[in-house]
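> would you be able to build a 3D model of this:
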Amino acid sequence: MKKLVAASAMTLGLLGSSLGAAHASEDPAAASEIPVQAVSSDAQAAEDAMPLPEDLDDSSQELDDEISQPVPETEDEVPLDTGTTPGDEASQEEGIESPDPLAGAQSSSITCRARVLVAMQNGSEEPITCVAWDSTPNVAPLRASVSAWPTPNWCDDHGVSGKWYVNRFKACGIFSATASVINPRTGSVTGTLKYLVRAYAYSGRDVPNWAYQVELMEVSSTGTARGMSASGKVKCSGKCKVTKSTFPSQAMSQSKDAVGQFFLQTTIKTSPKGQKGEGQASATWVFTKAGATPSNEISLPTPPVRCDNALPGTSKPGCVMPYIPAMVYAKAGEYPELAQHIQDAQNTQNLPGKYGTTRYLTRLTNKAKIKENRDTSCPSSLPRPTGKQCDEYPFASTWQGAKTGGSYSRRMIDAAQNRGGGQALGRFYLYNRIIEKDRFLMWIK
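Next comes the predicted model:
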């Protein structure tokens, strides 16, 4: 058995296109996971040999094909917990709730006490089962369930933290809970089931679907709580609907887990282009045992998932998690002059976008405004030495650019590096579904 360990930096494999057109694939592990170092910079469109995504038609087949390729990732990217990494925008959809299960702990406790009280008043002798999240996690081993989808390594690495951890296309967390069987005549606990919930959700950057799995793993059971079964369902709040739900009654033991698997689809309109909306799946389950009333329902909502058809350069919709990505560039890589310019601009001029800060860059997609940014920072009248191009930071394709933001840096750098950096930025936007006003950071290594 695999023991829970402290959080550590892991190389993440971002899930590529593993969701089908109608519903999510039931084999996410089959998706290509290729670690690729991301690089960064912006370039003048007039001087760039390859147009950036915002310069291409929305129906560009070239970009539609490229978005279906495996997702590049940064070698040092580590998923962050949803308590410290807000999404690109505050949730606006009706029904979206906190993904923190303890947020509803008091309500579950009140429901439990009310059920016991009613049973006592009615003179019932049938045991009452109450389920609640634990505020103090159990330190316990995890097992791999044969019927469960394989989860990312970093899910277990964070231990039983009671938090969701997310990257751009995956969310995972391990939560602790207890089911208690109560004698309504005496109010005494006659048995307990301590269990862990390993929750995993993943989306597709080029399809309007995502998937969600909960895996209930028994840690220990005593008395009348031994031999319980669990079953459940899922609901979707906000801009989404359930396309498939599988969580039949399953007996639990220390060698057998109960697993629920769900598939969701966005309900945003397919046209006109520019639609977006958040959806949130909430899994609920109950415990049953012969001779006892079913337990109260307990639920675990995922972090909100943003789906859109607003990505410039492609007509394909897609869905992302509430994670703010970073573009990584190494000064020892292919574009050292670009990296040095960005680092100098961030450190000496205090310009935004530096990794590790909350002074984000936000994407700008309006072509006219992008051109104004470029013309302000790098006007055509500015002399270019042979083999050099004018590079600006913050990027023209951000709201922090020279015209829309006001403060900027420019530098004459190697033309090939400038062109390559512009292409890399376009791919970064594309692969991560960075749409209008989405936030991101620049990591110079």
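
> may I have the secondary structure class of the residue located most distally from the centre of the chain?
Most distant residue from the mean C-alpha position of the chain: Gly123, 48.2 Å away (C-alpha atoms, centre = their mean). Three-state call for Gly123 (DSSP: H, G, I helix; E, B strand; the rest coil): coil.

> and stretch 296-303, how far out from the chain's middle?
18 Å (C-alpha atoms, centre = their mean, to the nearest Å).

> for it, which positions count as buried?
By neighbour count, with 16 or more other C-beta atoms under 10 Å as the criterion, the buried positions of stretch 296-303 are Asn296, Ile298, Ser299, Leu300, Pro301, Thr302, Pro303. Using the backbone N, CA and C atoms, a C-beta is placed for each residue, glycine as well.

> measure it end to end?
End-to-end distance of stretch 296-303 (C-alpha to C-alpha, to the nearest Å): 23 Å.

> for the spatially most central residue of the chain, what are its contacts?
By C-alpha atoms, centre = their mean, the chain has its centre lying nearest to Met321, at 2.8 Å. Shown in contact with Met321 (C-beta atoms under 8 Å, 6 or more residues apart in numbering): Val166, Asn167, Arg168, Phe169, Lys170, Ala171, Ala201, Ser203, Pro303, Val305, Arg306.

> need the contact partners of stretch 437-444.
Residues lying outside stretch 437-444 but in contact with it, judged by C-beta under 8 Å, 6+ apart, are 40, 74, 76, 88-89, 324-331, 339, 342-343, 346, 353-357, 360-363, 399, 428, 432, 434.

> again, only this time at 6 Å
40, 88, 324-329, 339, 342-343, 353, 355, 360-363, 434 (C-beta atoms under 6 Å, 6 or more residues apart in numbering).

> one step back: adding distance to Cys236 and secondary structure, write the contacts of Met321 out as a markdown table.
What follows is the contacts of Met321, written out as a markdown table (distance: C-beta to C-beta, whole Å; DSSP: H, G, I helix; E, B strand; the rest coil):
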| residue | distance to Cys236 | secondary structure |
| --- | --- | --- |
| Val166 | 18 | strand |
| Asn167 | 22 | coil |
| Arg168 | 21 | coil |
| Phe169 | 18 | coil |
| Lys170 | 18 | strand |
| Ala171 | 15 | strand |
| Ala201 | 12 | strand |
| Ser203 | 13 | strand |
| Pro303 | 13 | coil |
| Val305 | 10 | strand |
| Arg306 | 14 | strand |
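
> can you get me a residue count around Pro312?
Neighbour count for Pro312, taken as other C-beta atoms under 10 Å: 26.

> from what I see, it and Thr365 are in contact.
Yes. The pair Pro312 / Thr365 is scored as a contact, 5.1 Å apart, by C-beta atoms under 6 Å.

> let me know the closest of the contacts of Met321 to Leu264.
Nearest to Leu264 among the contacts of Met321, counting by C-beta to C-beta, is Val305 at 7.7 Å.

> that closest one contacts Asn209, doesn't it?
No. Contact between Val305 and Asn209 fails when scored by C-beta under 6 Å: they sit 9.8 Å apart.

> more neighbours: the two, which one.
For Val305 versus Asn209, neighbours defined as other C-beta under 10 Å are more numerous around Val305 (29 against 25).

> for the more buried one, give its distance to Ser237.
Going from Val305 to Ser237 by C-beta to C-beta, to the nearest Å gives 11 Å.

> name the helices or strands packed onto the helix or strand Glu218 falls within?
Applying DSSP states H and E as the criterion places Glu218 in strand 209-221. Helices and strands touching strand 209-221, by 3 or more C-beta pairs under 6 Å, 6 or more residues apart in numbering; DSSP states H and E, are strand 189-203, strand 258-266.

> quick one: strands adjacent to the helix or strand just after that strand?
Later in the chain than strand 209-221, the nearest helix or strand by DSSP H and E is strand 229-238. Counting by DSSP bridges, the strands paired with strand 229-238 are strand 250-251 (antiparallel), strand 276-288 (antiparallel).

> just to revisit the earlier point, quick one: which of the contacts of Met321 is nearest Lys316?
Looking across the contacts of Met321 and measuring by C-beta to C-beta, the closest to Lys316 is Ser203, at 13.1 Å.

> Gly318 is in contact with the closest one, correct?
No. The pair Ser203 / Gly318 is not scored as a contact, 7.5 Å apart, by C-beta under 6 Å.

> is Cys155 in a helix, a strand, or coil?
Three-state call for Cys155 (three-state DSSP): helix.

> so it versus Glu334, what's the distance?
From Cys155 across to Glu334, the span is 33 Å (C-beta to C-beta).

> the two: which has the busier surroundings?
Neighbour tally, Cys155 and Glu334, criterion other C-beta under 10 Å: the higher count belongs to Cys155, 21 against 15.

> ok so, going back, and the angle from the strand holding Glu218 to strand 258-266?
Compare the direction of strand 209-221 with that of strand 258-266 by axes from the mean of the first three to the mean of the last three C-alpha atoms, to 10 degrees and you get 160 degrees.

> in strand 209-221, what counts as buried?
In terms of neighbour count (16+ other C-beta under 10 Å), strand 209-221 has its buried residues at Asn209, Trp210, Ala211, Tyr212, Gln213, Val214, Glu215, Leu216, Met217, Glu218, Val219, Ser221.

> name every strand pairing with it and say which way it goes.
Partners of strand 209-221 in the sheet, by DSSP bridges, are strand 189-203 (antiparallel), strand 258-266 (antiparallel).
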